[in-house]
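Visitor: coordinates only, sequence not included:
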C-alpha cells in the first residue's frame with residue numbers, strides 16, 4: 001500500500017496495476033483513490049471499465065490501442081474478470097508492450113500467483129495485495145474515527161466490539177456507524193451500547209457457543225444453536241465451524257505449551273491476539289487429547305450424516321449435549 005500511496009502522491013504511475021486480496025474495504029478505497037488520480041476532472045472520454053468474466057481480452061487490447069482523446073493517458077479498469085484464475089490469451093504478452101499513454105488497473109477477488117497474468121503484472125507493473133488487518137491496526141483505525149467524532153471507548157469494550165464485528169473493515173464501518181447513531185449526544189461508548197446495537201457475526205455465535213460448552217452451560221449452548229438455525233444457518237456449516245473452533249483451541253494449547261507468546265500464536269494461527277487470550281482460557285479446561293477427540297467426534301458426525309445414519313440438525317444437537325454435559 002505504501003508503494004501505491006507514493007505513486008499517487010508523486011503522480012508517477014506504473015503502466016499496469018493489480019489490486020487483490022481479501023480485504024475488500026481497502027481494495028475499494030484504493031481503487032477509488034487510483035481512479036481519481038489517474039482520471040482528473042472525471043474525464044469519461046478516456047476512461048473505460050470492463051466487468052465480469054465475460055470480458056474479452058481482444059476487446060481490451062483493441063481499446064488499449066486507441067489513442068487518448070486530447071489527454072495524456074487512456075485508463076482502463078478491469079474488475080473480477082477471472083483473467084488471473086483462468087486461461088487468458090494474448091493479454092499477458094500485451095502487458096509487456098503497453099503503449100506509453102495507457103494505464104490498466106485490474107481489481108480481482110481471486111488470483112492464482114502461478115498464472116501468466118499475475119507474473120506479467122509482477123514483471124511490468126505493480127501488485128498491491130490487501131490482506132486482513134491485525135487487531136492493533138483495526139483498533140487505531142476505529143479510534144481515529146471515534147476521535148474525529150469526539151467519542152471515547154475503553155480497550156476492553158473495543159475488543160468486545162471487534163469480537164462481534166470480525167476483522168472485515170466494511171462490516172466494522174457499518175457497525176460503527178450504527179453505534180455512533182445510537183450513542184449520539186454521549187461521549188463514552190459502553191459495553192451495554194455495543195451489546196444493544198452491534199450484530200454478532202455467525203462465526204462469533206459459534207465462539208459464544210464454544211464458551212457455553214466449556215463452561216458446561218448446556219442450556220445456553222443449545223439456545224445459541226437454535227438461534228443459528230433460526231437465522232437459516234445450515235447445521236453442517238455449524239458443525240464445520242464447531243470443529244474448527246476446537247481445532248484452533250487445540251493449536252493454541254499446543255503452542256502455549258511450547259512456550260510461544262500471544263503475538264507469536266496469533267501469527268501462526270491467523271487469530272487476533274485478544275482472541276488468542278480467550279482461546280488460551282478455554283484451552284486450560286481441556287487436555288490436548290480431549291480436544292483432539294472433540295475434533296474427531298465432529299468429523300465422525302459429519303460422516304454419519306452423509307451416510308444417512310443421522311439427521312443433520314439432530315446430530316449437532318447431540319454433540320453439543322455431549323460436549324457440555
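Guide: Now that the structure is in, tell me what you want to look at. Just so it is clear, the structure is predicted and the values come from calculations on it, not from any experiment.
Visitor: where does this protein have its least confident helix or strand?
Guide: In the chain, no helix or strand scores lower on mean pLDDT, DSSP states H and E than helix 202-214, which sits at a mean of 80.
Visitor: packing partners for that one?
Guide: helix 155-165, helix 218-230, helix 235-257, helix 273-283, helix 312-323 (3 or more CB pairs under 8 Å, 6 or more residues apart in numbering; DSSP states H and E). In this view, the C-beta of every residue, glycine as well, is placed from N, C-alpha and C.
Visitor: can you tell which of the ones you listed is closest to residue 84?
Guide: Closest approach to residue 84 among these (CB to CB): helix 235-257, 27.8 Å.
Visitor: I'd like the mean pLDDT over stretch 161-172, please.
Guide: Mean pLDDT, computed over stretch 161-172, is 87.
Visitor: scratch that, stretch 288-304
Guide: 92.
Visitor: now stretch 313-325
Guide: The average pLDDT within stretch 313-325 is 90.
Visitor: same check, this time on stretch 141-157
Guide: 93.
Visitor: out of the helices and strands packed on helix 202-214, which is closest to residue 12?
Guide: Across the helices and strands packed on helix 202-214, closest to residue 12 is helix 155-165 (CB to CB), at 36.6 Å.
Visitor: tell me which strands and helices the closest one is in contact with?
Guide: So helix 155-165, by 3+ CB pairs under 8 Å, 6+ apart, packs with helix 135-148, helix 169-182, helix 191-197, helix 202-214, helix 273-283.
Visitor: show me which residues of it are buried.
Guide: Neighbour-count burial for helix 155-165, counted by 16 or more other CB atoms under 10 Å, picks out 157-165.
Visitor: over to stretch 168-184?
Guide: Result for stretch 168-184 [16+ other CB under 10 Å]: buried residues 168-169, 171-172, 175-176, 179-180, 183.
Visitor: ok, and what's touching that stretch?
Guide: Applying CB atoms under 8 Å, 6 or more residues apart in numbering, the external contacts of stretch 168-184 come out as 23-26, 28, 133, 138, 141-142, 145-146, 149, 151, 161-162, 164-166, 189, 193-194, 196-199, 201.
Visitor: rerun at 6 Å
Guide: Stretch 168-184 has contacts (CB atoms under 6 Å, 6 or more residues apart in numbering) with 24-25, 149, 165, 189, 193, 197-198.
Visitor: just the pLDDT at the most far-flung residue of the chain relative to its centre, thanks.
Guide: Distance to the chain centre peaks in the chain at residue 70, reaching 41.0 Å (criterion: CA atoms, centre = their mean). Here, the pLDDT recorded for residue 70 equals 86.
Visitor: do the one 5 residues further on as well
Guide: pLDDT for residue 75: 95.
Visitor: thinking again about what came up before, a markdown table for the buried residues of stretch 168-184, including distance to residue 13?
Guide: What follows is the buried residues of stretch 168-184, written out as a markdown table (distance: CB to CB, whole Å):
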| residue | distance to residue 13 |
| --- | --- |
| 168 | 29 |
| 169 | 25 |
| 171 | 31 |
| 172 | 30 |
| 175 | 35 |
| 176 | 33 |
| 179 | 38 |
| 180 | 36 |
| 183 | 42 |
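Visitor: which single one of those is nearest to residue 125?
Guide: residue 169 (25.1 Å).
Visitor: about what we covered before: closest one to residue 304 among the helices and strands packed on helix 155-165?
Guide: Smallest distance to residue 304 across these (CB to CB): 19.8 Å, for helix 202-214.
Visitor: what's the closest one in contact with?
Guide: 164, 220-221, 224, 228, 233, 241, 245, 282, 285, 323-324.
Visitor: dump these to TSV, plus distance to residue 306.
Guide: TSV is the format used below for the contacts of helix 202-214 (distance: CB to CB, whole Å):
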residue	distance to residue 306
164	33
220	29
221	24
224	25
228	20
233	18
241	17
245	21
282	29
285	31
323	21
324	25
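Visitor: among the residues you listed, which pair sits farthest apart?
Guide: 233 and 285, at 25.7 Å, using CB to CB across these.
Visitor: doesn't the residue farthest from the centre of the chain belong to a strand?
Guide: No - the assignment for residue 70 (DSSP: H, G, I helix; E, B strand; the rest coil) gives coil, which keeps it out of a strand.
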